[in-house]
Each structure stands twice: as C-alpha cells, then as structure tokens.
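Novice: next input, structure requested:
(2 chains)
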Amino acid sequence: VAKILRLRVNGADHEVAAPDQAILLDVLLERLGLTGTKRGCDMGTCGCCTVLIDGENRLSCLTLARQAEGKEIATIESLGGPNALHPLQRAFNEIGGSQCGFCTPGFIMTSKALLDRHPHPTDHEVKEAISGNLCRCTGYIKIVGAIQTAAKELAPNAPTPAPSVPARRSR
Amino acid sequence: MTLAPIPDPKKAVKVPDVDPQAKWKPYREGLAKGEHPHKPKEGFKILGKRIPLIDGPLKVSGQAVYTDDIQLPHMLVAKLLHATKPHARIKAIDTAAARDLPGVVEILTGTDLGPDRRFGVLPLTKDEEPLASDKVRYIGDLVAIVAAEDEWTAKQAVERIEVDYEDLPSYLKPMDGLKPVKEKIHANIGIDQSNVQKHVDQEFGNVEAAFSKAHLALRQKWKFQGVTHAFTEPHAVIAHYTAKDRLTVWSATQVPHYVHRALAEVTKLPMHRIEVIRPQVGGGFGGKSDPFAHEMAAALLAMKTRRPVKLLFDREESFYSGRGRHPTENEFGMAFAKDGTIQGLDIEAVIDGGAFASFGIISTYYNGVLSMGPYKVPAFRYKGRRVYTNHIPSGAMRGHGAVNSRCSLEVMMDEAAERLGLDPIEMRLRNLMPPFSRTINDFRITSNGLRECLETVRKASKWDERWRRMPLGKGLGVGCGFYISGSNKPIHWDVPGMPQSTVHLKIDMDGGVTVHTGAAEIGQGSDTVAALCVAEVLGINLDRIRVYAASSDLAPIDLGSYSSRVTFMMGNAARLAAEQVRRELQQAAAELTGAAAELFVCQDEKLVNQSKPSMQVSFLDAVRKAMDHKGALIARGAYNESSVGGDFKGAAAGTAPAYSMNAYVAEVDVDLDTGLWRCTKVWAAHDCGKALNRLAVEGQIEGSIHMGLGQVYSESLEYRHGNLRNPNLLDYKIPTSLEMPEVEVFIVESNDPDGPFGAKEAGEGPLLPILPAVVNAIHDAVGIRMHELPITPDRLYETMRLQGGWKKPKTPVPAPAAIVRGGRAA
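Specialist: Sure, this is the predicted structure:
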C-alpha cells in the first residue's frame, strides 16, 4: 500500500507516494531522478550507493526510504555540477581517483562524511573509512591521494597530524 | 600431467630446425649486443603530462550517464530466468501461470525463438544462443526472459515459470572432459567425443635434446582457481525497436562492434538497421568483451513487444555471465644451463572453459605462446587443452591467457636461480630478448625496456642489500611480464582490408574539433587518449575537442577495448586523421601568408612559421581559410594490421605489433603465528613506450596491482556441485583499501617505433608481474614456495606445517644439478 513519504533530499522537500518497503536507493533513482547514486550490488557489499543521512555515510540500498523521513539526505548531486566541482570532486578528477567512475559518487560521499567529522585524517584513517567502498580500477591509491588533497584544501590550517596508527591487519 | 597426443597429429605444429641465434640477432642496424637504446621522445606539447580524464568532471559529479541511468518513455522491465541445473535437457517450459499475472507483457523462451540464432565472439565457435533452446549447460544459463510493466511483476513472473528438466551427466572437472564423454556439452564443437573445445600442440626447436643436455631441469605442477572481473557496474542493456524498423541497443559493453555483429546474426536484421550505443561503462576488464546472450534476448523482446525494454543484472547475475580467468592446471618444465640461461620450455596446460567457447581458441594459445618472451627461449613445446565444463563460462580477463602461465614461469625462474646459486634479477638479465629481434616462433620484438625496468626496481627496492637479508617473515620477490600491445590479426576476416580502427575528424567554422571513434571508453581513458593525440598534432587546447565514441551510427568502427589495443591502434588512427587536417591547415596558412606550407608548425593554437616565428596564423583563421567554399574540414585515419608474424597454423595468436615489458619487486610480511600475510610495498616498473598520459598509465599500473594481488590473496570462484557458492562481493573477496600496498610506479619509456608517438600498452601487462613477485617474496620471507593460488593464510600455514616450519632461505647456495620433478601442486 502506497503511503506519502516526506523526504528532504539535497535541501529540497519531496513528497513521494511509495509503499512501506520502498528502498531509499530506488526512490532516489527512479522517483526523484537522482541517478548520480549508483546501484552496484543491492546488498550492501560495494558502497556505490552511499549517501549522507544527517551527515553520516549510509548505504541507500539497505535503507528503507521511510527510515530517512525527517532527516537530511544528501546525494552526490548536492556537492556540485561538472562546472562547479566541490574540492573533493575536483581532487578525485585531478589526482586520478576516478577511472570508470561508477564507484566514485559513493567514495566521494563516504569521504565527505569522513572529512566533515575529521578534517585531518591520517592515510590509515582514510583507508579505514573507505574500506567499505570497493573500487576495481584504481587500486585505491589515487583515491586516498584525492581525499588527502581535498582535506588540505578544505581545512588548510591543519594542526600537525598525530603520528599515524600502525596498520591493522584486516584479513 | 602427461597429456595424450592429439587425435590428428597433422594439426600439430612442429618446427624442429629453428636457429635461435639468427632470430635473436637484432634486425636493426647499429645495435650493439645487449644494448637497449631508447632515446626519450621530447618536444611534445601536451602528451606525456598528467592529464585528468576529459569525462572526469561528469563522473565525479554523478552526471555521467551509464546504461541504467537511461529512461525511455513507455519502457518495460525485463528479468531473466536462469538454469538451476548444471547440465540438463529442457523437456518443457510452462509459462501459463506467469502470463496470467497482471502487468506481464511478454515472455520468450529458447523454444519460441527457433534454431539458427547462434552467435559467439569468435566466428569459428558460435556456440551461444539468446536463450537455451535445447539444454542448459551451467547453473545460471539463460532459459527465459519476461517483460513486464514493472520490476516487481517481472520478478514474480520469473518465479512462476515452470521448467521440466531431464538431468544429463554433468562435467565439472576439466580433466574428466579430456576423454570421450557420454553427453558432449556442445555436440558439434570440439575434439571427437570429448569435451575438449580447443587443443594446441606446438614445438619449436628440439625440446627433448634441450632437457637432456640441460644443467638443471625443473618440472612443476600448478593450480590456479578461477577468478572474475568484479567490475562495479553490473551488466545492463536497453533495447528499442523503433517505428522506423530500426533496432537500437544501449549496452554496457567493451565491444560495441561485436555486439553489433551478433545482434545482426541473431535478429536477422541487416547491420545498417541496428544501432549500438555504448553509454558510460562502469569497468570491464574483459568481463564485457563478449556479445552476451542477455543482450540478444533483450533485443528480441523489444522487437516482439515493440516497446523499449530495460534489463539490469543484479550482482549475482554478473557473476553468472562470467568470462573470468580460466581455472587452470598446468605443468611447467624449464631447462637451464649452468649460467642460468634458459635452454628449453615445456608447457602443458588444461584450462576450464566452462559452458561456452568465448575467446577460448585464443585463450588456449595464449596460455603457452605468451611465455615466448621476454626471455630468449631456444626450444619450446606446448600442449594446451581448453575443456568445456558445466561451469560458468571462462573468457578474457585482464592479462588474458598470460597471467597464470607467467606466474608459473617467473616463480620457476626464481627457483632455478636459487638452485644455480644466482641472484634472480641477475639471472633474468642474462636471459633478456634484445630489442628489434624475433622469438623462435616469429614474434617480432620492437622496443624493449626490460633491462631498464629490472635495474630500476633493483635499485629502488634496495634489492642488493635486502633480498635474503630481511628477518624471518619478511621478504622481497621479483617478477617480470611481457604482453601484447594489441593483436595484430583481427578476429573477423569476412571484410578483407577492414582497418582495426578508424577515426573521423570534423572541424567547422566554430573551431571545435569533433572526434568520432568507435573505441570503447570503459574507464581506461580512451576518449582522453583520442583527444590528446589530436590536440598534439594540431597544437590546440583540449577544450576545443569533443569525442563522440558512443554510437555505431556516428562512429567509424573500432574493434573494441580488449587485448590492450586501443591506445596503439586508435591512437595511431587519430594521429593520422589529425595529420591530414594539419596538412590542410598548413596549406591555408601558406595561402594567407605567401610562405611555404611546410614551414608552418601547429603549436599554442597557432600555425607558426618556423623560419620566421613572427609570421603566425591563428588556428581559427587557418580553419576558416581551409574550409573556404568547401565546408567543414573532414578527415579520417585508419590503423591496419602489419605484416609481422610466422606463417604456421596459429601463428597469429600472440603476434602483436609491439609488446609491453615490466618488472616488479614486491615486499611481503608474513605473520608467523597464523600464516596471514600482507603485501606491504611494490616497486613497479613498466615499459609502455611513450606514456601519452602519465596519470592514466599510473592508474592502470596501480589498478593492475590491485587485481593481480586479489588473485594471490583471496579471489577464487568456489563451486559446489556446479553451483557457484560465492556470487557476491562479500564472499568473493577483492582487496579493499586496507589490503592495498604502497606502490611506487616507474614508467620506463622505450619509445616504440610503430606506436602512436612511441606508445605501447599499459592496460593489461602491468598485471602479470605482481603475482610471481609476491609468490617469490613469500618464499624469501618464510622459505615456502607455493604452487597454488590463491595463497590463503590457512593454505600457507598448512604447507609450512607439512614442510616442517618457516625457514629463511639461504643466500643463493649452488645446489647439485639435477632433474627436479615437483609433485602435486601444493
């Protein structure tokens, strides 16, 4: 049964008639036409569908649209268009953090959440933060480089970063 | 393994009387022995810098349009029914219950389509159908397609389709398919009554003699699990049969031209009534380089319904469509002289082709013949068998056919070096092919920067101080690579003389340069390469250039983004087209100034008289003069095969206009308590000729290291009774940001004589050396030589337990010469 969902996306209010089980990703892509968010697996394994909900990076494929009611949803479209790129977007482009581009919006939204809460991350903290986003093109190296480049631009007066944490084994 | 001889020995290639010394003698004058001369090419205005992708701003802002982003009016949603049996005859399909569901518009099954709808990427092995008409050949094979008004209805309808199967014997081990079988997987393809789809038997020189005279001969069995591309964008296709009786298909493909051909065969429409559009593609790596059954099925559905149809794969389906690296069992024999020079190579390989042929003929050759370089091989024997099984079809994956055999070869070089008491880098240097020489099977080697690659990584990694001298658990390993820069022969020969790549240019009075190419941008930066080549020749800024590469109606044909051919072939075509325009502009400048045309060079958006630099004509003035009373400037350039390679059966396989070379050193850290290991650092030197865009070359090298490392760390397609157990990105583990090592990239520019501006490939070759470099580094760290991938921690730990503990290998100690026969792959 369709209900009226009230969603605030990229600063604009939308009313969407959708069933209770409607997934946020589907609503963004198919109802609101915000196709910058990408569908890579539909099961929370790749991170391509990452959006911000109240500033936190969230997988929109695992989020019911109604769970996001009353919250601020931000997609890649909120950052900037091709002629007015956000520093993160510009860095991903210039440093080579994007090749095929399909994972890129998800990575940028994840890194936006990271830099918003932690403007001066170490490389290892960046790697930890993006470890839920998969990229098959770049080997992540230029993605980490892009995030750090943007971090310097967004918060130039960085305190000297704390000594980096020794790399944790992940497997 | 000892493979049985082929049934028809006449089909074997035997060339006993080769003269290796004559082949290796550089055919170019003025080359001293062992000299690797590459003068840096300089004077480029735009090439050789770090240029962001021209479509990058669209991608980072989420505005790049991928297939799934396209919405057409009145579009239907399609879903597929996949086979649930590995090998079974379809007795009946009942679609009545599905058709009853409101919102279901059409259902197609293989029996509806009738026979004669076969297709396949290679013209000799067309063994695929849009939907299985008679039997299913693997779990995931396509059985039926449903079109409905919405996705939910389409899914419900698929579940309501009943298929009555009659089970057939399934063949899940390639070894079982070498012998005659009860029910061939493909009745009309393959060798006699076996499931062998392709065999290759080649011998050059005298291998028996080489091995019997050798100071050291090693034989080793290897096992490699299958791996898959794991591109981030699942397959997607939209088909629309328009009012003008034209079929338009949008598809996430690396090979729009092959899709175009297959669609014509399957739909029976002439090619000119089909348009193939390649939107932005979210990665391919070979996984989108076949024409696919789902593309054909969607097209047929659109023709039947006369409405646009969209079919989007979920992640599981993208695993089923397959075409990954073949699960491989091989045995490598290598014979060496006392000084470490290779005396002979004796390879047997059995590769699991899965249910379809795909690029299988080529894959079978590549598993052997791409071992002919980068070292001098005076005697070579190869027996290759590609066997159909009831597994997901294997195909071309980045480093097609060369990756597993390269790993075997390079690890055995390491082992031989140890037994001969040599440094493995030193031993490789003793074996290098000279530039401008030939292999004994007549691959023509042009530029070769491998010596520089090896010396670079040796120095950068402090190899001489650290190899064998690091503490237990830490180690360094080296590996080299050798890969084709495009395949010299195209895979179709029905239109003789058709160029492999054509580029059109159009320049009108606005001064913008439109580049039309069929080359498939899949993230590797081919649009950017096209723009760079044109901008370099015309001396203009990139913002004047727009690349239209998506539509087969607009673009001249390029064979596609596979076999590392695009920069080499399309780059040359773009260069030639631009040079034609440049001649017209020089002529226009001459007419405007009265000076001779050949005096003008194009630079900084101007034509400048070299002998009198104050005499300048702006680019725009020259364009407008050149088009005076004629209209827009148009030009074309084409890349054609060159006359290289031998003339025996199969000589085309592996014959390339140029070869990339590379050498990596990897550093690993093994946890002695658990066997958990990490690659911590890679020094990667790659000879790609002139690097046209350094940013893109680095990206290719780093991405290759990621993909190759995945195959050593954790990636493996795991089956149970023919059913893939891990068709998702949680259970099929590709490396995350945390597993990726630090990488130092060194671009070695050997400047190829035939490449565009001296360039060679950088897309696939860089994957090859990482696997053996890591395997060799693990040996240096803990003394365990693994002969099976992936090297999961449990497997490494168990091998250590069986071999009696971790042990730092000694600095090279000469061992007595012997014939050493490695046992079962372990």
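
Novice: measure residue B:775 to chain A for me?
Specialist: Relative to chain A, residue B:775 is positioned 17 Å away (CB to the nearest CB, to the nearest Å). To be clear about C-beta, it is placed using only N, CA and C from the backbone, and glycine gets the same treatment.

Novice: and the helix or strand that residue falls within, what does it pack against?
Specialist: Using DSSP states H and E, residue B:775 maps to helix B:770-782. Helix B:770-782 sits against helix B:403-420, strand B:474-484, strand B:659-670, strand B:677-687, helix B:694-713, helix B:793-803, with contacts defined as 3 or more CB pairs under 8 Å, 6 or more residues apart in numbering or on different chains; DSSP states H and E.

Novice: now the last one against strand B:677-687, angle please.
Specialist: If I follow you right, that is helix B:793-803. Put simply, helix B:793-803 runs at 100 degrees to strand B:677-687, going by axes from the mean of the first three to the mean of the last three CA atoms, to 10 degrees.

Novice: and the residue nearest to residue B:305 when sequence neighbours are not counted, what does it touch?
Specialist: Using CB to CB, 6 or more residues apart in numbering or on different chains and skipping the chain neighbours, the partner closest in space to residue B:305 is residue B:106 (4.9 Å). Shown in contact with residue B:106 (CB atoms under 8 Å, 6 or more residues apart in numbering or on different chains): B:76, B:146-147, B:301, B:304-305.

Novice: any chance of TSV for these, columns distance to residue B:636?
Specialist: Converted to TSV, these look like this (distance: CB to CB, whole Å):
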residue	distance to residue B:636
B:76	39
B:146	44
B:147	40
B:301	36
B:304	38
B:305	38
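
Novice: and the furthest pair within these?
Specialist: B:146 and B:304 (11.8 Å; CB to CB).

Novice: for chain A, which of the helices and strands packed on helix B:770-782 is the nearest?
Specialist: helix B:694-713 (3.5 Å; CB to the nearest CB).

Novice: please report how far the spatially most central residue of chain A lies from residue A:95.
Specialist: Nearest residue to the geometric centre of chain A (CA atoms, centre = their mean): residue A:109, 1.8 Å. The spacing between residue A:109 and residue A:95, counted by CB to CB, to the nearest Å, is 17 Å.

Novice: all strands for chain A, in order.
Specialist: For chain A, the strands defined by DSSP state E occupy A:2-9, A:12-19, A:50-53, A:56-59, A:72-74.

Novice: winner for burial among these?
Specialist: Ranked by mean neighbour count under mean count of other CB atoms under 10 Å in any protein chain shown, the strands of chain A are led by strand A:50-53, which reaches a mean of 25.

Novice: neighbouring strands of it in the sheet, and parallel or not?
Specialist: Taking DSSP bridges as the criterion, strand A:50-53 sits next to strand A:56-59 (antiparallel), strand A:72-74 (antiparallel) in its sheet.

Novice: make TSV from the ones you listed and add mean pLDDT and distance to residue B:320 to it.
Specialist: Converted to TSV, those look like this (pLDDT from 0 to 100; distance: least, CB to CB, whole Å):
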stretch	mean pLDDT	distance to residue B:320
strand A:56-59	98	24
strand A:72-74	98	33
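
Novice: of these, which is nearest residue B:18?
Specialist: Nearest of the strands paired with strand A:50-53 (CB to CB): strand A:56-59, 59.0 Å.

Novice: need the contact partners of that closest one.
Specialist: So strand A:56-59 is contacted by A:44, A:47, A:49-52, A:109-110, A:112-114 (CB under 8 Å, 6+ apart).

Novice: please name the nearest non-neighbouring residue to the residue of chain A found nearest chain B.
Specialist: Ranked by CB to the nearest CB, the top residue of chain A for proximity to chain B is residue A:36, at 2.0 Å. Spatial nearest neighbour of residue A:36, excluding adjacent residues (CB to CB, 6+ apart): residue B:62 at 2.0 Å.

Novice: contact partners for residue B:408?
Specialist: Applying CB under 8 Å, 6+ apart, we find residue B:408 in contact with B:220, B:222, B:330, B:332.

Novice: how about 6 Å then?
Specialist: B:222, B:330, B:332 (CB atoms under 6 Å, 6 or more residues apart in numbering or on different chains).

Novice: any low-confidence regions in chain A?
Specialist: Applying pLDDT under 70 to chain A flags residues A:158-171.

Novice: helices of that one, residue ranges please.
Specialist: Here chain A has its helices, by DSSP state H, at A:24-26, A:87-95, A:104-117, A:123-129, A:141-154.
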